[in-house]
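>>> Sequence and predicted structure are below.
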Amino acid sequence: MRRRFAQESGAIAIVVALVFVPVLVGGAALGIEVARWFAVLERVQRAADAAALAAAPQWMSARAAAVASARDAVRRNGYPLTGSTRLDLVNGSAAGTVRATLSVSVPNPLGVALGEPVRELSRSSEAGYSAPVSIGSSCNVLGEEPDPASGDLTDPADGTGSVASTMCSYGRRPHLWASIAGPDTSKVKGDRFASRWCTDANSGCSVNDNLDYRGYGSVSAGATDGQPSYFLRVTVRRQVSSMTVQLFDPAFVDVGDACDRMPQRSATDSSWPGLPDPNPYVRDAARRYAFGSPTSSPPSSGEYCTGDTMSVAGATPAATLHASVVTSFALHSPTSSGDPWRAPVLTSCVRQYPGWILTPRAMAAALTTPGDPALQRYFRQWVTVCTVIAPQVGDYYLQVRTNIGSGRASATRMADPREDADASGTGLNRFSVRVDTPGDQEAVSVAGFERLGLYVNVPSGRTTFLLARVGSAAAGSTLRVELFDLGDAQAPATLTLVRPPAAGGTWPARCVALGEPRGSPIAPVELAHCELTGVSSASGFDGKLQQVAIELPSDYRCVDDDPTDCWFRVAVDYPSSVFDTTTWSASLEGDPVRLIR
């Protein structure tokens, strides 16, 4: 009996082995295969994350460039896009985001018998990008757009009329000019970044050094962070045949804030004292060279008055009190980094303009033939920086700075953030910019890049400016606005930060003042309706930095594809006329490129 049981047990063991060993071996093989799939899926997920992050910065503005960046990211993560690998990019679940799906075909040995020798493994990732904030303009003109001159020698490339597109929210007369100070101008005059000097009464000042300038490292003495430069972002949204960048009145010419240092016939006759066509560039001198006054009506000399002014204040070194401002411009080509300092300078797009400080009598002579041909050419004229044939879709950057010495501007120097220690200049140069793309003016826009020096010359009343463009991808983040030197109005003003008119989301958002005149980082002050009242020199705004934080709702939405939408605005109620230089900065807190899911 015992022997029979032993024999039966042995038979059962053989049967179990014959039945279960293949199952166990197959299970082990399947386990190994599944483990391999999981390892592949982990790699695919990393590559999909990389693709989404690479595409996000340009997804809304330059779709083809975004696709190219994503494909390159996938390749660098070990998946060249061949027949066995596919990358799909579509709009993400949230506005302004991108969803990348990477599909990879891998061998499937266990599926051969089932007719599935290859298995496709896919992973998806979504990313959003809060672009560096654009400031001041929704279209192809930043600042005023005066009519071009029409003299015999006027450059035809400078145009014969307006190029302003239909996207200019406030038309050709937004009541502001771009502005930059000479390096020896006092910070209290309104330029937060380009002025070397200040007094302890100003924000960001140590003794007489402007901490926001940070340009003390000269070419021979060491590097700086490049703060003294301003960059304007020139966005090309779609392919065009050419792009011409132009500046109005690019050279510094001291005429006074209200152009009340222009030539005039006499103390009682403010008309232009010369001929209507005093030089080969101008046929409308009575208008173009008009005299202005803060007490005239209107309180400036109209569309051609940029208000360049020599400016002397506390802390300005005596040796440079009357040095004219030399202004340099350069156009940088697009870069995937989004950092204008890393964007190559276009060698043919570097320009430098001298400055003039003249008495009214000397200016009249210089503007009259033979006079000074350079002054005649640049003063109150549109001047072409350069024309780019078939520009890339993406962001170009127009750089402006005043801390490079006369005759030294070059592509190499403009790419170097360090100052020329002997560069000087005491005054504020105001100008405007426009970009001409014949046949498709809506294809391009120009705006301040995160910060902008500007000059406001407006009569009394309510005036609204474009402050900062904030896309839908910024939902749930905080918009930080910094407004420097708001206190030059002749009477207390009221300033209101206004959300985009068509913005979706749960409003009102929380809006707080973080100092320096109102509130502080440790004791923020809630601003009802995001409104600052009593803004004037007497109430502490002169030469001070006012910071405001706006918490965007998590469901914030705007129309990202519409360049005129998504704009926060500044509405100012001026009880009297104002001639004010100020500096605006805006940024979004947090990582600009982030994975969403």
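That came through fine.
>>> which residues touch Pro438?
Ser241, Ser242 (Cβ atoms under 8 Å, 6 or more residues apart in numbering). Yep, even glycine has a C-beta here, placed from its N, CA and C like the rest.
>>> would you say it is within a helix?
No - Pro438 is assigned coil when assessed by DSSP: H, G, I helix; E, B strand; the rest coil, not a helix.
>>> the strands in the stretch 51-200 of the chain, which residues?
Ranges of strands within the stretch 51-200 of the chain are 85-91, 97-107, 118-129, 134-135, 141-142, 176-181, based on DSSP state E, counting those that start in this stretch.
>>> Paired strands for the second one, with orientation please.
Sheet pairing here is set by DSSP bridges, and for strand 97-107 it gives strand 85-91 (antiparallel), strand 118-129 (antiparallel).
>>> Grab the most central residue of this protein for me.
With distances taken as Cα atoms, centre = their mean, the residue of the chain nearest its centroid is Phe449 (1.6 Å).
>>> wouldn't it be in contact with Leu232 here?
Yes - with contact defined as Cβ atoms under 8 Å, Phe449 counts as touching Leu232 (6.2 Å).
>>> which neighbours do those two share?
Counting by Cβ under 8 Å, 6+ apart, the shared contacts of Phe449 and Leu232 are Tyr397.
>>> I figured Pro524 hits Ile550, correct?
No - using Cβ under 8 Å as the test, Pro524 is too far from Ile550 to be in contact (11.9 Å).
>>> more crowded one of the two?
Per other Cβ atoms under 10 Å, whichever of Pro524 and Ile550 has more neighbours is Ile550, with 22 against 18.
>>> And what about the more buried one, helix, strand or coil?
Following three-state DSSP, Ile550 is assigned to strand.
>>> Could I get the contacting residues of the closest residue to it other than its chain neighbours?
Spatial nearest neighbour of Ile550, chain neighbours left out: Leu479 (4.5 Å); criterion: Cβ to Cβ, 6 or more residues apart in numbering. Neighbouring residues of Leu479 by Cβ under 8 Å, 6+ apart: Val133, Ala468, Val470, Ala549, Ile550, Leu552, Phe568, Ala586, Ser587, Leu588.
>>> Could you dump these into JSON lines and include distance to Thr185 and pLDDT?
Formatted as JSON lines, these follow (distance: Cβ to Cβ, whole Å; pLDDT from 0 to 100):
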{"residue": "Val133", "distance to Thr185": "26", "pLDDT": "88"}
{"residue": "Ala468", "distance to Thr185": "25", "pLDDT": "93"}
{"residue": "Val470", "distance to Thr185": "31", "pLDDT": "91"}
{"residue": "Ala549", "distance to Thr185": "29", "pLDDT": "94"}
{"residue": "Ile550", "distance to Thr185": "31", "pLDDT": "94"}
{"residue": "Leu552", "distance to Thr185": "35", "pLDDT": "92"}
{"residue": "Phe568", "distance to Thr185": "29", "pLDDT": "95"}
{"residue": "Ala586", "distance to Thr185": "23", "pLDDT": "92"}
{"residue": "Ser587", "distance to Thr185": "25", "pLDDT": "89"}
{"residue": "Leu588", "distance to Thr185": "30", "pLDDT": "87"}
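>>> if we can go back for a sec, now the weakest link among the strands paired with strand 97-107, please, by mean pLDDT.
Least confidently modelled of the strands paired with strand 97-107 is strand 118-129, at a mean of 82 by mean pLDDT.
>>> just the CA coordinates of that one, formatted as CSV?
Listed in CSV are the C-alpha atoms of strand 118-129, where the atom choice follows Å, rounded to 0.1, in the frame of the first residue of the first chain:
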residue,chain,number,x,y,z
VAL,A,118,5.3,44.5,-32.0
ARG,A,119,3.6,46.4,-29.2
GLU,A,120,3.2,50.2,-29.2
LEU,A,121,3.9,51.9,-25.8
SER,A,122,2.8,55.5,-25.3
ARG,A,123,3.2,58.2,-22.7
SER,A,124,1.9,61.8,-22.6
SER,A,125,2.9,64.9,-20.8
GLU,A,126,1.5,68.5,-20.6
ALA,A,127,3.5,71.6,-20.0
GLY,A,128,2.7,75.3,-19.7
TYR,A,129,4.8,78.4,-20.2
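>>> quick one: pLDDT of the residue lying closest to Ala65 once chain neighbours are set aside?
Nearest residue to Ala65, sequence neighbours excluded (Cβ to Cβ, 6+ apart): Gln58, at 4.7 Å. Looking at Gln58, its pLDDT reads 77.
>>> What distance do you get for Gln58 to Ala64?
Separation of Gln58 from Ala64 (Cβ to Cβ, to the nearest Å): 9 Å.
>>> May I have the beta-bridge partners of the residue nearest to the centre of the chain?
Assigned bridge partners for Phe449, using DSSP bridges, are Ser134, Arg451.
>>> that older thread, where does the residue nearest to Ile550 land in three-state SS?
Assigned by three-state DSSP, the conformation of Leu479 is strand.
>>> What strand or helix carries Leu346?
Using DSSP states H and E, Leu346 sits within strand 345-353.
>>> Show me what that strand is packed against.
strand 327-332, strand 382-389, helix 411-414 (3 or more Cβ pairs under 8 Å, 6 or more residues apart in numbering; DSSP states H and E).
>>> I am finished for the moment; much appreciated.
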